[in-house]
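1. Build me a model:
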Amino acid sequence: MQKTALVVGETGIVGGATADLLVARGWTVHGLARRPAARAGILSVAADLRDAGATARALAPVAPDAVFITTWLRQDSEAENIRVNAAMVRNLLDALPPAAGPCHVALVTGLKHYLGPFEAYGQGTLPQTPFREDQGRLDVENFYCAQEDEVFAAAARDGFTWSVHRPHTVIGKAIGNAMNMGTTLAVYATLCRETGRPFAFPGSTAQWTGLTDMTDAGQLARHLLWAAATEAAHDQAFNVVNGDVFRWQWMWTRIAEWFGLEAAPFDGIARPLASQMASDAAVWRIIAAREQLAEADLGRLASPWHTDADLGRPIEVVTDMSKSRRLGFTDYLATDDAFFALFERLRADRLIP
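-> Predicted coordinates:
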């Protein structure tokens, strides 16, 4: 029988990749977003999860076998992040009663489970790397934990199984997304080529020289579907990355070469993209008009603040995936290939020249 999925946050990097994979595998897919965009194969559901009544009305005709929660809303403080994002998950799951509700709910969070929220990012006593799922919660308030607790409570009440997925920085395509390193670096490289500015690494020495890893959106989508379909993966939390490790001093050169640039030597001084790109909106509009690009608003393509947070970390960040491997998930993707595939897609979709 054909299965039905509800992808929450379908217009985002992870939600879009997950919806595409589900469609390709023959699922009926409902894509929920505040402002859904019409896409082939996706049944759009418009809802603001902050509004419990509106969410219940929008989801009344939807009876999913599986729900994939890939969205959150950034607030001005972690207390507000917790209040708003926990309520969004609660409103969503309350709108799917057991009689018509899911068999499985997958929640996407991330490595802030180990590194702490934005207000206390990379501070205090952190667990050793590589990060492993049996390392418990940090002793700080974190909206990821609040989201998890809402899923756990609803699962206990309604009887569905769950999985939690913790990617590292995600590589994928989305417009207007707040956590978008791949497109941000593509736009930055394009601006450097246009203006003659050096293609300078913006982050810390620890990130330049240390090992790290990343998560392609397609890899994460495959992991989500694997967990939903694998009994041994039910009621478990997992890390999910591409499977390789690299140093930014190597990857930066690879990205520079793809754009026909020479990587600037790194002198140990952080040069955040938020500062470097602060006055680039007008330049991007000129590039977009000349090259007939699909998006002239720099703010909808690049998220310098989030890329700065990742590349400015003071510690090495590597993720262990042994738990998934033991249970049978063996997919692998080289991260430079993931970047290059994204850049090709951005070019084909006229988002970069």
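
2. For the rest of this, base every contact and every neighbour count on C-alpha atoms.
-> OK.

3. Please name the bridge partners of the spatially most central residue of the chain.
-> Geometric centre of the chain, nearest residue: Val170, 4.5 Å, by CA atoms, centre = their mean. Taking DSSP bridges as the rule, Val170 bridges to Thr215.

4. how close does the spatially closest residue to Ala289 that is not a sequence neighbour sit to Leu92?
-> Residue nearest to Ala289 in three dimensions, not counting chain neighbours: Ala296, with 7.4 Å by CA to CA, 6 or more residues apart in numbering. Here the criterion is CA to CA, to the nearest Å. By it, Ala296 lies 34 Å from Leu92.

5. quick one: the residue nearest to Ala289 is in a helix?
-> No: counting by DSSP: H, G, I helix; E, B strand; the rest coil, Ala296 is located in no helix; its state is coil.

6. so who does it touch?
-> Residues in contact with Ala296 (CA atoms under 8 Å, 6 or more residues apart in numbering) are Trp284, Arg285, Ala288, Ala289.

7. buried subset of those residues?
-> Buried residues within these, defined by neighbour count using 16 or more other CA atoms under 10 Å: Trp284, Arg285, Ala288.

8. Next one, pLDDT for the residue nearest to the second one when sequence neighbours are not counted please.
-> The spatially closest residue to Arg285, leaving aside those adjacent along the chain, is Ala296, at 5.0 Å (CA to CA, 6+ apart). You'll see Ala296 listed with a pLDDT of 97.

9. where's Ala296 relative to Lys3, distance?
-> 39 Å.

10. burial measure for Arg290, as a count.
-> 10 (other CA atoms under 10 Å).

11. for it, helix, strand, or coil?
-> helix.

12. Surely Thr11 touches Ala37?
-> Yes: contact between Thr11 and Ala37 holds when scored by CA atoms under 8 Å: they sit 7.1 Å apart.

13. ok, and Arg222, which helix or strand is that part of?
-> When elements are assigned from DSSP states H and E, Arg222 belongs to helix 217-229.

14. do the same with Trp162
-> strand 161-167.

15. what's in contact with that strand?
-> The contact list for strand 161-167, computed with CA under 8 Å, 6+ apart, reads 103-111, 113, 148, 151-152, 155, 214-215, 220, 224, 227-228, 233-241.
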